[in-house]
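J.: Next comes the sequence, and after it the predicted model I'd like to discuss.
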Amino acid sequence: MALNLLMLGPPGAGKGTQAERFARTRGIPKISTGEILRDAVHTGTDIGRRARAIMDRGELVSDEVMIGIVRDRLEKDDTADGFVLDGFPRTVEQAAALDTIMAARDALIVLDIVVPEAELVRRLGTRMICENCGANAPIGDGTVACMRCGGRLVQRADDDQAVVIERLKIYHRQSEPLVEYYRVRPTFRQIDGAQPPDKVASDLDAAIEAAGAGAVTLAKTVDRVLRRGVQP
Ligand code: AMP
């Protein structure tokens, strides 16, 4: 079974850090829509030019553009054994489109990282990224250079305090409904993201095991219903 992971949670919950770890430890590609957009801004593509002002205000890029980006990325062969999505979906419309894209593939395991609002504001105010490659630096550990490429660490333009408040508002309005969208699935799990990163990581690993078992049960039920034509 492919390991199709989806990270949910507000900005600053640690989705990117944990997705990065999954990519490393499980050998699956990390698909971070924020990173894809920041790359596009950096290289000055058409999408990048249009997305820049929207991102600087902390608002969301249109569903149409984002769904196109993710659809194209999921068509690549390296996602056949799994992937980890970080930052997508962010609206119910994006989630519905993702369900269509995933219709013939193994179930998504949805991991929702929960962190209190005050902690998110604190984290986003101190978060640094690499000016050169865009990698996140660990929060508040005094690191001055990027661990990946040695580049200079800077604050992200959209981590400015006024923009952070706007991003959290937009999260509550447009992205939080996704929790209700996915909660009913046997492959949905919530994790306490206010713990140290290693504990969050081990809770996520345990959640994947449990959700994976849920996915197998679901697949068997669907198979039985289809073969026998019985009511679920
Ligand atoms: P992130 O790095 O995930 O916090 O994303 C940074 C910014 O990119 C967001 O504040 C949005 O402006 C934009 N963005 C990233 N992913 C999406 C998405 N799925 N839908 C709309 N906008 C997005």
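T.: On my side now, so go ahead. Numbering: from 1, shown residues only.
J.: Any residues of this structure in contact with the ligand? List them.
T.: By CB under 6 Å from any ligand atom, the residues of the chain that approach the ligand are 11, 33-34, 37, 54-55, 58-61, 66, 87-90, 94, 158, 167. For every residue, glycine as well, the C-beta is placed using N, CA and C.
J.: Now, these that are in helices?
T.: The helices, defined by DSSP state H, take in Thr33, Gly34, Leu37, Ile54, Met55, Met66, Gln94, Arg167 from the residues of the chain next to the ligand.
J.: Quick one: buried ones out of the residues of the chain next to the ligand?
T.: Listed as buried from those are 11, 33-34, 37, 55, 58, 60-61, 66, 87-90, 94, 158, 167; burial here means 16 or more other CB atoms under 10 Å.
J.: The closest residue to Glu35 other than its chain neighbours: what's it in contact with?
T.: The shortest distance from Glu35 to any non-neighbouring residue, by CB to CB, 6 or more residues apart in numbering, is to Gly134 (5.9 Å). Contact analysis of Gly134 by CB atoms under 8 Å, 6 or more residues apart in numbering lists Glu35, Arg38, Asp39, His42.
J.: Which of the helices or strands spans Asp205?
T.: Following DSSP states H and E, one finds Asp205 within helix 197-228.
J.: Okay, buried residues for that helix please.
T.: Within helix 197-228, the residues scored as buried using 16+ other CB under 10 Å are Val200, Ala201, Asp203, Leu204, Ala207, Ile208, Ala211, Gly212, Gly214, Ala215.
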